[in-house]
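**Q** This is the structure alone, sequence omitted:
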């Protein structure tokens, strides 16, 4: 049945497909998704080559809508899969989804797998309103698993699967139940609608992840995150094939996990917001059911103020010193005293409890950002270092880590830690979480150390999806041997907690997290930005359907600021569509965000990398560099309409500011929104009427752009570069 | 300081205010809320009086924006309170809300009250992004409570409060902590914004509910409702000053509460979805904290299939009969056997457990819809009736109720039951829940029985807010003595569970629930429909801010149906804005909804009484009956713009139907949407150009309207009456 093979998103293959398939363009475009549908790719393409750009537009418009010409087409497959699979072969048939759809797992029975099939039925039912049951009937989806004995996901397990959809049934085969679950997720993403029918396109998919460590770190230490938030985040991870939830549980600002052995830790070390052990178990069970490992982090020897609030004797200050929960962010001085045996005795007892609670083989011990101040100020510690020939704070921390390693090993766990723990005699089974930059990770691999990449994936840096997509755990030119490359385990998305809480976290993580997850899963050659944005729209809706607040949260926040008038709600959304939050550092500089800073300003409902960033760039590019006069006229009309909407919205937003203080406070941004809309319209009219080279006007616009480009009022404009292009175009 | 007194929403007083205040209209309208802002009232006004209509428009536009003329205005108070208080006196000052806002409860300390003050701070903080603490500082809000010893709300407690906002502080006084909580809710609703400031307008409010029983019934029996849903429903109740959560826990389709004494009840009597006793306690604690009583219902002797699934011997069928959980809706035959002592022994043991679990003094024992069939078919029961001179099934049920009453009384509870339990010798402390119509309730009161009203407030009948608002527990002309009127305790909103689940329930209950809650709380004279709709917009947003899904839920559902294209999302929302769900009976007739029917069709994301119903009526009325030529031109432009949007949306919705089967299935409604938009535009052009009396065209339109008026595809148009008026206007 197969007729067209498409491997990953390698830029050559799909182009081939579309050159061949060009005649079918019309039939295909009807079904294409709108997000960036006409966008030109910004990556990997030499600029200025008109023919190539035109072709890319065509590719972006119809990419991966694959059909066979050999037989009558029954199905137009739209590839909206995210992450992209390794291999996909598409035929031209379809399997109709009806209420007789049944799943059988046969001899591969496993309760986790069983529950996964029930979730699949529930999601299909919610999407289609078909009444689907797990009852008797001829099976449609046959799942076979070679070894179905797993009780939880483990590092390095086989995650591959193969999925074959034919007109009369679906075969899903995997080596483990977790591979089968990935296959089910892919199957769900294949579902399409056509007229009154839901169907799966016939296709064969062979898939496996590029990297075995695909994590997401969340940080309830700085701002507590409810169990609900954690659970729905896990739902998002499962939908994007991530497999490690890294849970940063202890911080200077809050100790977030119950200890039955040392209850003062959570009682005194938090504001009352912590996870009970029952809740921890609930989260682990929920994650396990979705193939996700839970990696707890107990950050030490620094980031430990809250341990010492409960047990000051653990700290490095003089006897009798007291500690208080940090009420600000940043690196703090409190640090464990590594020279006292009592410290290790305590940690041994604590890890005895925690290693029993968390089933995963790995335990994260942090190890980052110890400033060494409290060690330097303690004469006993200094004397100890002298007596034991320990030359520096780094060396003292290494000694601490060795003791820690012994304890952790005693409880059958392997260690994970941040960059700083990488010291010459680090045992080889320790994993380094890289946050100082990819080159550090590559160098570590060359020295034989396992590690994974984080820093480019710090979500509070507010990088665009396009930018995070461009980073790779093994960047081009790394020159690793295959054995060294294997030491690069993958990466972790990091959602630090200083500036998010339950309210805003979903739209900070998603949909960008899905884009990074694709980087961790799909072939390195899968890098077409326009196609990524095209698939991101459907993926964003899948996350939304799971109950995540990635869309609902910002929408609710904005309408709360706008008030009940629908026209004002619309206008504020339009204003917000050209903004994104300033990055972490800038926000800290402006607002001095601390653990008690209330969120709920415009910035908290403003999403990073809003679609308008990419869209406006596309519109300007279409206008400035069109193919034909007709295309130019269409591009002009589109651009003018958007700019007029902005101008009108700017007026309405000023009306909102009369009654909504949190809109009123965006004083400069509101004024600049007026100016930018006007600038765009004026540039457009000057270009249309060829009134060029008005140096005074151009100078004024550049000044406005320079002002609008400064960080202020917690939000940045995302439309300045294309706007600058419009202004520049009037100078010839 | 006070200058203007406004009592309730009595139609005369505010008019007086505005006649006096007409000069300030301009300053005021800037702040008015949009919902139905220009709507004319449909209640209490003789039709056709042009002057009055115009005046009502003006009133609606600026209603309750009250200022003093005597001193320089500092504050323009916009009354968006819902429910309206009994008495409000407004001065022209304001108290700025700053981060120094503090609450003190002084000698009135009570942990429930304390938590309520913390919730108030949290809500204010979320709304303003001001960092508010419960720490030390000069208090701003002084709360005094005469008797602060309450540990839970009880029927008949004093719920009054008085609230005095002055420029330098706020005094809240109540007799009970629950009265104080109502005062805090009112204070929260008073919060306004102006420029960069949040403020409370200076005002004095004396308030108390009209009725002591203000309930909401939810029915997890038919479709289970998660604890989360129950908790957020309680949040909505607290915000609307409702005080009884009536929890319909046992049904033919599901036994939803854990019994430790008889675990087979929830184990065999449900599909695994039930509330554990821990969860029940959690819900009661949550409700108690918000001044809400939890009234459990154990419906008997009918509606009891699931009891008999577990314990067939409780039923009236012959020994050895088995029962299965009902997989359809409607009245079922299974019924307790009231002739066996073992039945009462069982119920005694069961109520021993349940009365200990639920602290409220009342317990609902159902008593409705026993069809008597299983009694009639059982020879032993017939013989018993003969032997004991019991002439009818009704009489047998009365006998059963007497035994039940004895058991319930033994455990210190009073009984509540549906209409059917009202039999001649009913004890006076039993409360009747009326579902057969208000006249039944009034007659019961005349016979000395306590009762409350339900049936007009059945939400699945899909009545408009305007209609539910018009019903009264004591309708005009009831002619009750004051003592008899006191027997009418209030009412209950009923959200039956046949056709809702967690997904759709919020937008079925809210915002209509808030309108009914006002009927239960506010003076009987508070009935201005335009003003109610004006206040409903802000109230809808307050519910949304609490985390309810009243707005987010339908929005999410619609975008899931539309797919990721923003233009298609917008078009589907426009289509949906002219629709509402068919009522319960019609949906059952079309779809045969049962306990396993999946929801997720368009109807499930379509809200009852969408704003467009009222708005389109207002627009047509403005156009057909304008004051001046200018007003007619404006009304024409508004109407034409809306109709053109519909026409454009109808095309886009057809595009969606290509790829979205659940939109495709709305075949007739989509076609009719095209026809109606065209009809409106054609009527408009005919009226503008005076091309009148085209009988062929008119006949065609009437046919289209008749077709569009038929129930089909689970949704009804809400715009047909005004559309008919437009068509009729072309015939003169």
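**A** It's in. Every value quoted in this text rests on a predicted model; they were computed, and no experiment measured them.
**Q** ok, longest helix in chain A?
**A** helix A:629-659 (DSSP state H).
**Q** is that helix anywhere near chain B?
**A** Yes - using C-beta under 8 Å from any C-beta of the partner chain, helix A:629-659 reaches chain B at A:655, A:657-659. (C-beta placed from N, C-alpha, C; glycine too.)
**Q** quick one: which of those residues is most hemmed in?
**A** For the residues of helix A:629-659 next to chain B, the largest number of neighbours (other C-beta atoms under 10 Å in any protein chain shown) sits with residue A:659, at 22 neighbours.
**Q** what's the spacing between the nearest residue to that one once chain neighbours are set aside and residue B:186?
**A** Excluding the flanking residues, the one nearest residue A:659 by C-beta to C-beta, 6 or more residues apart in numbering or on different chains is residue B:193, at 4.9 Å. Using C-beta to C-beta, to the nearest Å, we find residue B:193 at a distance of 18 Å from residue B:186.
**Q** Correct me if wrong: the residue nearest to residue A:659 contacts residue A:661.
**A** Yes - assessed by C-beta atoms under 8 Å, residue B:193 is found in contact with residue A:661 at 4.7 Å.
**Q** Tell me, how many residues neighbour the residue nearest to residue A:659?
**A** Residue B:193, neighbours per other C-beta under 10 Å, totals 23.
**Q** Which helix or strand contains it?
**A** In this assignment (DSSP states H and E), residue B:193 forms part of strand B:192-194.
**Q** Give me the average confidence score over that strand.
**A** Strand B:192-194 comes out with an average pLDDT of 96.
**Q** after that strand, next one along is what?
**A** strand B:197-207.
**Q** in its sheet, what does that next one sit against?
**A** Taking DSSP bridges as the criterion, strand B:197-207 forms sheet pairs with strand B:87-96 (antiparallel), strand B:161-166 (antiparallel), strand B:192-194 (antiparallel).
**Q** Would you mind listing what in the stretch 151-300 of chain A touches chain B?
**A** Residues of the stretch 151-300 of chain A lying near chain B (C-beta under 8 Å from any C-beta): A:192-198, A:228.
**Q** on that earlier part again, beta partners of the residue nearest to residue A:659?
**A** Where residue B:193 sits in a bridge, its partners, by DSSP bridges, are residue B:198.
**Q** Let me know the outermost residue of chain A.
**A** residue A:387 (47.7 Å; C-alpha atoms, centre = their mean).
**Q** so where's the stretch 451-600 of chain A uncertain?
**A** Applying pLDDT under 70 to the stretch 451-600 of chain A picks out no residues at all.
**Q** where do the helices sit along the stretch 451-600 of chain A?
**A** A:465-470, A:482-487, A:505-509, A:512-521, A:529-545, A:552-562, A:566-576, A:584-591 (DSSP state H, counting those that start in this stretch).
**Q** Ok, which of these comes nearest residue A:170?
**A** helix A:529-545 (19.2 Å; C-beta to C-beta).
**Q** now that closest one against helix A:512-521, angle please.
**A** 120 degrees (axes from the mean of the first three to the mean of the last three C-alpha atoms, to 10 degrees).
**Q** Helix A:529-545 close to chain B?
**A** Yes - legend: contact between helix A:529-545 and chain B by C-beta under 8 Å from any C-beta is shown at A:537-538, A:540-541, A:544-545.
**Q** Quick check: which helices or strands does that helix pack against?
**A** helix A:50-62, helix A:111-128, helix A:177-190, helix A:227-239, helix A:465-470, helix A:512-521, helix B:552-562 (3 or more C-beta pairs under 8 Å, 6 or more residues apart in numbering or on different chains; DSSP states H and E).
**Q** One more pass at 6 Å, please.
**A** Judged by 3 or more C-beta pairs under 6 Å, 6 or more residues apart in numbering or on different chains; DSSP states H and E, helix A:529-545 is in contact with no other helix or strand.
**Q** Could I get the buried residue list for that helix?
**A** Going by neighbour count (16 or more other C-beta atoms under 10 Å in any protein chain shown), the buried part of helix A:529-545 is A:529-545.
**Q** before we move on, what about stretch A:151-159?
**A** For stretch A:151-159, by 16+ other C-beta under 10 Å, it's A:152-153, A:155, A:157, A:159.
**Q** Excluding residues flanking it in the chain, which one is nearest the residue in the stretch 351-500 of chain A that chain B sits nearest to?
**A** Closest to chain B within the stretch 351-500 of chain A is residue A:499: 13.1 Å, counting by C-beta to the nearest C-beta. Closest residue to residue A:499 apart from its sequence neighbours, by C-beta to C-beta, 6+ apart: residue A:593 at 5.3 Å.
**Q** Go ahead and confirm that neighbour touches residue A:500.
**A** No - taking C-beta atoms under 6 Å as the definition, residue A:593 is not a contact partner of residue A:500, at 10.0 Å.
**Q** how close does the residue of the stretch 351-500 of chain A closest to chain B sit to residue A:557?
**A** Taking C-beta to C-beta, one finds residue A:499 at 15 Å from residue A:557.
**Q** Low-confidence ranges, the stretch 1-150 of chain A, go.
**A** For the stretch 1-150 of chain A, the ranges with pLDDT under 70 are A:1-75.
**Q** 80 instead, please
**A** For the stretch 1-150 of chain A, the stretches flagged by pLDDT under 80 are A:1-75, A:108, A:135.
**Q** could you dump the strands paired with strand B:197-207 to JSON lines with distance to residue A:571?
**A** Shown next, in JSON lines, are the strands paired with strand B:197-207 (distance: least, C-beta to C-beta, whole Å):
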{"stretch": "strand B:87-96", "distance to residue A:571": "27"}
{"stretch": "strand B:161-166", "distance to residue A:571": "31"}
{"stretch": "strand B:192-194", "distance to residue A:571": "16"}
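**Q** Helix, strand or coil: sort out whichever residue of the stretch 301-450 of chain A sits closest to chain B for me.
**A** When scored by C-beta to the nearest C-beta, the stretch 301-450 of chain A has residue A:327 as its residue closest to chain B, at 11.5 Å. Put simply, residue A:327 is coil when judged by DSSP: H, G, I helix; E, B strand; the rest coil.
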